[in-house]
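>>> got a sequence here, can you build the structure:
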Amino acid sequence: MPKFVDHEQRCNEIINALIKLATRIGLHEVTMRAVAAEANVSLRLVQYYFTDKAGLMHAALLKLEADSHQRWADRLSGEITSENPRRILEIFANEAIPNEPDSRTFHIVWLSYAVIAMTDSVMASHPFADGPKRLERQLCNLFMECQRDGSLPAQANPSFEATRLIALVHGLGTSVMIGHVDAAAAIAVTQRHLDDVFKQTKM
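I've put the predicted structure just below:
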C-alpha cells in the first residue's frame, strides 16, 4: 500500500527549519543544505518543494505573515469590544511590537529579508512587499470605519494614517530589537500616537 505523503506538512517543516536557522545564525548565513539538515530531510527534497533560497525565504515570509494575523485575531477574540475599529488598531499596534518570541522572530526574518533584497536582484524579484501592502489596505479600511462612526474626523486621510502607523511600528520594532527602547515604552508610544490621531476629532 503506497505511503501517504502530506505535502503541506513537509513544506511547513522545511519552512520552519529555515525560520529557526534565520533566528539562530542570521538569514544571510542560511543555505538550502543547512535547511535540509535542520529539517532532517535531503537537500533534493528541499529543492523539490523550493527551487531556490529566494523562493523558500518568500514562503517563510508568507507563513510568518499568516501567523502574525492569526495572533492578531486571537487577541481580538478575547475582546468584548473587538468590533470597535479603533480597538482593533490598538491591538494591531501591540502585536506589531516584538515583545514575545513569535513577534521577535517575525521582525528578525522580515527585516533580514528586506535588507538582503536591497542588494540582491533575485530576492527583490519576489513580491515580498506585498505583505505590507495588504496590511496597509487593511488598516486603511479600519481608519475609514472610524471615520464612518465619527471617531476619526472627515478631513483625516485613512491611507496616510495607515502608512504612518505601519512606519511607526516598524521603526519602533527595530528599536526594541536592538535594545534602544523596551517593548513597554514602544507600545506606549504607539498608543499615544493613536490618541493624538483620534484627538483631532475634538479640536
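
>>> contacting residues around the worst-scoring helix or strand of the chain on mean pLDDT?
Every helix and strand of the chain was ranked by mean pLDDT, DSSP states H and E. The lowest is helix 121-124, at a mean of 74. Applying CB atoms under 8 Å, 6 or more residues apart in numbering, the contact partners of helix 121-124 are Asp52, Ala54, Met57, Tyr113, Ile116, Ala117, Met118. C-beta here means a position set from N, CA and C on the backbone, and glycine is covered the same way.

>>> go with 6 Å
Ala54, Ile116, Ala117 (CB atoms under 6 Å, 6 or more residues apart in numbering).

>>> now stretch 89-97
With CB under 6 Å, 6+ apart, stretch 89-97 has contacts from Arg71, Trp72, Arg75, Leu76, Leu142, Val169, Gly173, Ala183, Ala186, Ile187, Thr190.

>>> tell me which residues of the least confident helix or strand of the chain come out buried.
For helix 121-124, the buried set under the neighbour-count rule, 16 or more other CB atoms under 10 Å, comprises Met123, Ala124.

>>> my guess is Pro98 contacts Arg104. True?
Yes. The pair Pro98 and Arg104 qualifies as a contact (CB atoms under 6 Å) at a distance of 4.2 Å.

>>> just want to know which of those two has more residues nearby.
Pro98 (23 against 17; other CB atoms under 10 Å).

>>> got the contact list for that one?
Applying CB under 6 Å, 6+ apart, the residues near Pro98 are Arg104, His107, Gly173, Val176, Met177.

>>> please redo it, this time with the cut-off set to 8 Å
Contacts of Pro98 by CB under 8 Å, 6+ apart are Arg104, Phe106, His107, Gly173, Val176, Met177, Ala183.

>>> so how far is Leu172 from it?
9 Å (CB to CB, to the nearest Å).

>>> ditto for Thr51
On the measure of CB to CB, Thr51 and Leu172 end up 36 Å apart.

>>> those two - which one has more neighbours?
Taking other CB under 10 Å, Thr51 and Leu172 do not tie; Leu172 has more neighbours (23 against 11).

>>> quick one: contacts of the helix or strand containing the more buried one?
Following DSSP states H and E, the helix or strand that holds Leu172 is helix 158-177. By CB under 8 Å, 6+ apart, the surrounding residues in contact with helix 158-177 are 89, 92-93, 96-99, 104, 107-108, 111, 132, 135-137, 139-144, 146-147, 152, 181-183, 186, 189-190, 193-194, 197.

>>> can you get me a residue count around His180?
Neighbours of His180 using other CB under 10 Å come to 11.

>>> and the residue lying closest to Val181 once chain neighbours are set aside, how far is that from Ala183?
Spatial nearest neighbour of Val181, excluding adjacent residues (CB to CB, 6 or more residues apart in numbering): Ser175 at 4.8 Å. Distance, Ser175 to Ala183, by CB to CB: 10 Å.

>>> same deal with Glu8?
From Glu8 to Ala183 the distance is 33 Å (CB to CB).

>>> these two: which is more packed in?
Higher neighbour count among Glu8 and Ala183: Ala183, with 19 against 8, using other CB under 10 Å.

>>> pLDDT below threshold where in the chain?
Filtered on pLDDT under 70, the chain yields the residue ranges 1-5, 78-83, 126-129, 200-203.
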